[in-house]
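Peer 1: just need the structure, nothing else, for what follows:
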Amino acid sequence: MKRLIEDVEGEGMESLMGEVVTLLCNSYFYTGKLVGVNEACVKLQDPSIVYETGSWSDAGWADAQKLPADTIYVQIGHIEAFGVLK
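Peer 2: Residues are numbered from 1 along each chain as shown. As a prediction, the model looks like this:
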């Protein structure tokens, strides 16, 4: 049997704190500065919802609309992928 046991602090979402991230969720894509992470949700500052990505190689989104709040919370269970994309 092969086993890898390793506990790494600051991996995943935590490693992106302070970065502008994009969350690819079940229904929508969200982007904003990642300012909080816990077991249930993440907190984005200056959030936008991405309605049209355009080409992934473009520097910005084709249609990203600012949400009417300084911050939003997104439930971790709805996030399928995340990262610093644009």
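
Peer 1: check contacts around Tyr51.
Peer 2: Contact analysis of Tyr51 by C-beta atoms under 8 Å, 6 or more residues apart in numbering lists 63-65. Placement of C-beta: from N, CA and C, glycine included.

Peer 1: kindly report the same for Val21.
Peer 2: Neighbours of Val21 in contact, by C-beta under 8 Å, 6+ apart: 31-34, 44, 82-85.

Peer 1: Val20: which of those is nearest?
Peer 2: Nearest to Val20 out of the contacts of Val21 is Lys33 (C-beta to C-beta; 5.3 Å).

Peer 1: how long is stretch 65-85 from one end to the other?
Peer 2: For stretch 65-85, the first-to-last residue distance is 16 Å (C-alpha to C-alpha, to the nearest Å).

Peer 1: ok, residues contacting it?
Peer 2: Identification of contacts with stretch 65-85 by C-beta under 8 Å, 6+ apart yields 13, 16, 19-27, 30-32, 35, 39-49, 51, 56.
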